[in-house]
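Trainee: Sequence and predicted structure are below.
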Amino acid sequence: MNIFISYRREDSGGHAGRLYDSLGAHFGKDNVFVDHSDIEPGQDFGSVIAAAVGSCDLLIAVIGDQWLTLTGREVRRLDDPNDFVRKEICTAIERGIAVIPVLVQGAAMPRTEDLPDSLKPLTQRNALEITDSRWDHDVARLIRAIENLTGTKPRRWQQFEGFRPLLKTLLARPLITFPVTAALLTGAYFVYKGLSPGCGQIFEETTLSVRAKAEIIKTKGEIFIGKEKVQELTSSSQKVGQHLKTCCIVLRSGQLNPDQFQRCTETAQNYEAVVTNVVAALDNAQTAKRNDDANLVKAHVKRINSELNAAKGFSVALEKQVADIAKSGSTQSKTVPQSGPEEAKQWEISPNPKLKSLGRVVVSVPREVDIYVEIREPQEDKRLANSYAAKAFDLLPGQYEVKIMGATVASVPVQPGMDTRIRTGVFNIITDSYWELYDQTKTKVAHAYSGKKVGLPVGGYQLKIAGRFAEVIIKDGQVSDF
């Protein structure tokens, strides 16, 4: 099964590249054609495109907000019979190849009267919109549509023999930029021999994609965002690759559980998605600059800076995750058992047949218990939802922070069709005196001038009353009386 991605470079080059990465990761990159990746230097561009369209099973027409109106030599490109995009789509229609219009950048499906006669059948195809904010969800819908149209399923990942020498070379270099105990990486040199296809595949594809996009930004970005920000992004991109490699190695050494590895990869892939957005915004800024539209250039640069801030947040988050893994590995290597509430898993995930593409965070305590819940964007001071009662929150897939009273549960995964239940208990104090409760980070999470029942995440806390402290343990579904 072969998929051809048709697009205009000036209109949607960044989105087409990101879509190629997403579809290639699912169906295999050998089964997805995009011109910037699959045409070797010296090959005849027109002949390769014609052959690829003629042999494909499905064509995706990526349509951005300038797809319909872009001109060349004072003539609208779609009105030129030799326009490559027009020829690609017309060839697919004439040969009875399935065509899916994919709308990006908020573009609308073109009207029949706005298209040349040979392209009018395109308007009879059902379009699918892909947005930056819901990229993973929308691409999942596209993948299902492709599988339904072609009757295919993704290939099973084969062992990546080419990854072994790559990892061997990387292992010979300095691994990470902060201290990690030698015990954590004992035998790491030999880990590559048994690396699972999933681990190696995720590392190789994510790292190479990030590096390639960082090079594009390095080439195009200085004029818009300055040399310093480009260098900062280049450095953080290298660190993301190093940190993801560390997660992969420690997973195979048995000192990292699958949930921790998933959080590592999700953070790295979120970074990759943001860098892809930067490339797309740079393409749009270049187009606006060529058209002497200063206001539009300013808007695109503003978006670029916003995405760069998001990239920095994901890079810092991944570094912290790996540092926590290193600390945990050091503790385990000294045979100190993990005990106490601070290491307890703070959520559990179970299927919910009522959900489809959304996931759900569930926070539950008895009705008479005081509780305040916030759902927050990770690494950002942004509240997404809140409630003064126990509640279920339906959310898009991703990672969130859940704040209960003043206690934060970080990196909570939300998966399609799944419930993520936050494990909570009740702190019940009977007193007429003022008291304060602190979590392990010394953050005050609750206080009152009398007795109270408070819902909190599982873990260890410190109660302060009359100037003295006492330990409080909150266990799942239990009441801790004091």
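Mentor: Done, it's in. Numbering: from 1, shown residues only.
Trainee: So which residues of the stretch 351-482 of the chain form strands?
Mentor: 359-363, 373-376, 383-387, 391-395, 398-404, 407-414, 418-422, 424-429, 435-438, 444-448, 452-457, 459-465, 468-474, 479-481 (DSSP state E, counting those that start in this stretch).
Trainee: right, and residue 416 touches residue 359 too?
Mentor: Yes - assessed by Cβ atoms under 8 Å, residue 416 is found in contact with residue 359 at 5.8 Å. C-beta: built from backbone N, CA, C; applies to glycine.
Trainee: Find residues that contact each of the two.
Mentor: The contact sets of residue 416 and residue 359 overlap at residue 397 (Cβ atoms under 8 Å, 6 or more residues apart in numbering).
Trainee: hang on, isn't residue 68 packed against residue 114?
Mentor: Yes - using Cβ under 8 Å, residue 68 is in contact with residue 114, at 6.0 Å.
Trainee: So which of these two has more stuff around it?
Mentor: Set residue 68 next to residue 114 and count neighbours by other Cβ atoms under 10 Å: residue 68 wins out with 19 against 13.
Trainee: how about the more buried one, phi and psi?
Mentor: Phi and psi for residue 68, reported as degrees, to the nearest 10, are phi -80, psi -30.
Trainee: just for this structure, where's the confidence low?
Mentor: For the chain, residues meeting the criterion pLDDT under 70 lie at 36-48, 152-205, 207, 249-258, 325-344, 379-381.
Trainee: Show me the domain layout of it.
Mentor: Annotated domains of the chain cover 3-150, 163-338, 343-481 [automatic domain parsing].
Trainee: if we can go back for a sec, higher neighbour count, residue 416 and residue 359?
Mentor: Higher neighbour count among residue 416 and residue 359: residue 359, with 23 against 15, using other Cβ under 10 Å.
Trainee: contacting residues around the more buried one?
Mentor: Residue 359 touches 394-397, 414-420, counting by Cβ under 8 Å, 6+ apart.
Trainee: Try it again at 6 Å.
Mentor: 395, 397, 414-416, 418 (Cβ atoms under 6 Å, 6 or more residues apart in numbering).
Trainee: Of those, grab the buried ones for PyMOL.
Mentor: Only the buried entries of the contacts of residue 359 go into this PyMOL selection, using 16 or more other Cβ atoms under 10 Å:
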select buried, resi 395+397+414+415+418
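Trainee: Which single one of the contacts of residue 359 is nearest to residue 140?
Mentor: The nearest member of the contacts of residue 359 to residue 140, counting by Cβ to Cβ, is residue 416 at 7.6 Å.
Trainee: just checking, that closest one touches residue 396?
Mentor: No - contact criterion Cβ atoms under 6 Å: residue 416 and residue 396 do not qualify, at 9.0 Å.
Trainee: residues near residue 295, how many?
Mentor: So residue 295, with other Cβ under 10 Å, has 8 neighbours.
Trainee: I'd like to check the angle between whichever helix or strand it is part of and strand 398-404, please.
Mentor: Residue 295 belongs to helix 294-333 when assigned by DSSP states H and E. Inter-element angle recorded for helix 294-333 and strand 398-404: 70 degrees (by axes from the mean of the first three to the mean of the last three Cα atoms, to 10 degrees).
Trainee: Now do helix 294-333 against strand 407-414, angle only.
Mentor: Using the same axes, to 10 degrees: helix 294-333 against strand 407-414 is 100 degrees.
Trainee: Run the chain-centre distance for helix 294-333.
Mentor: Here helix 294-333 shows a centroid-to-chain-centroid distance of 11 Å under the convention Cα atoms, centre = their mean, to the nearest Å.
Trainee: And stretch 54-74, by the same measure?
Mentor: 27 Å.
Trainee: Next: stretch 415-429.
Mentor: Here stretch 415-429 is found 24 Å from its chain centre; the criterion is Cα atoms, centre = their mean.
Trainee: swap in stretch 233-241?
Mentor: Put simply, stretch 233-241 sits 16 Å off its chain's centre (Cα atoms, centre = their mean).
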